[in-house]
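1. Here is my input; please provide its structure:
(chains A and B)
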Amino acid sequence: MKSIFVGNLPWSATNEELEQKFSEFGEVKSARIINDKMTGKSKGFGFVDMDDDAAQKAIAALSGAKWGDRELTCNEARPKEDRPRKDSGRDRY
DNA sequence: GTTGAGCGTT
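-> Numbering: from 1, shown residues only, chains lettered A, B, ... in the order given. Now for the predicted structure:
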C-alpha cells in the first residue's frame, strides 16, 4: 500500500468523491481530504491510500486530471515519519 | 462568509 498526495482539490471536494475517483483505478484502502479550517487553515488537499500498482496507476491517471474545473495534483505522499506529530522515540533521552 | 500552495488525522 502506498500513500498518494492529492492536491489542488476544490473546497467542495469530499472524501467519498476522492475515494470514488480513485476506486475506479484500483482498490482504495482509505481516502481522506485534509480540509480543516478550525484547527488551522485551509488545506485543500487530500491523501489516498491504495495498493502499490493501483496507486501508481491512479497517480498516472489522476495526475493532471480535472476535478470539475480544477486540475488535480497526484503524487506519492511523503512518509509520515518525516513529520513527527507525536513523541516519536519516547525511549530517547 | 473567505482562501490556493502544498504533505495528513483518528
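2. and the nearest residue to A:Ser3 once chain neighbours are set aside, what are its phi and psi?
-> Distances taken as Cβ to Cβ, 6 or more residues apart in numbering place A:Ala77 nearest to A:Ser3, at 3.6 Å, with adjacent residues excluded. (Glycine included, C-beta is placed from N, CA and C.) Per-residue torsions, A:Ala77: phi -70, psi 150 (degrees, to the nearest 10).
3. A:Ser42 too?
-> Dihedral angles (degrees, to the nearest 10) for A:Ser42: phi -70, psi 130.
4. ok, back up a step: report the contact partners of the residue nearest to A:Ser3.
-> A:Lys2, A:Ser3, A:Ile4, A:Phe5, A:Phe47 (Cβ atoms under 8 Å, 6 or more residues apart in numbering).
5. Tell me how many other residues crowd the closest residue to DNA strand B within chain A.
-> DNA strand B sits closest to A:Gly44 of chain A, with a gap of 2.4 Å, by Cβ to the nearest atom of the strand. A total of 16 residues lie near A:Gly44 under the criterion other Cβ atoms under 10 Å.
6. residue contacts, the residue nearest to it when sequence neighbours are not counted?
-> In space, and not counting its chain neighbours, A:Gly44 is closest to A:Leu9: 5.7 Å by Cβ to Cβ, 6+ apart. Applying Cβ under 8 Å, 6+ apart to A:Leu9 gives the contacts A:Leu18, A:Ile33, A:Asn35, A:Gly44, A:Phe45, A:Gly46, A:Trp67, A:Arg70, A:Leu72.
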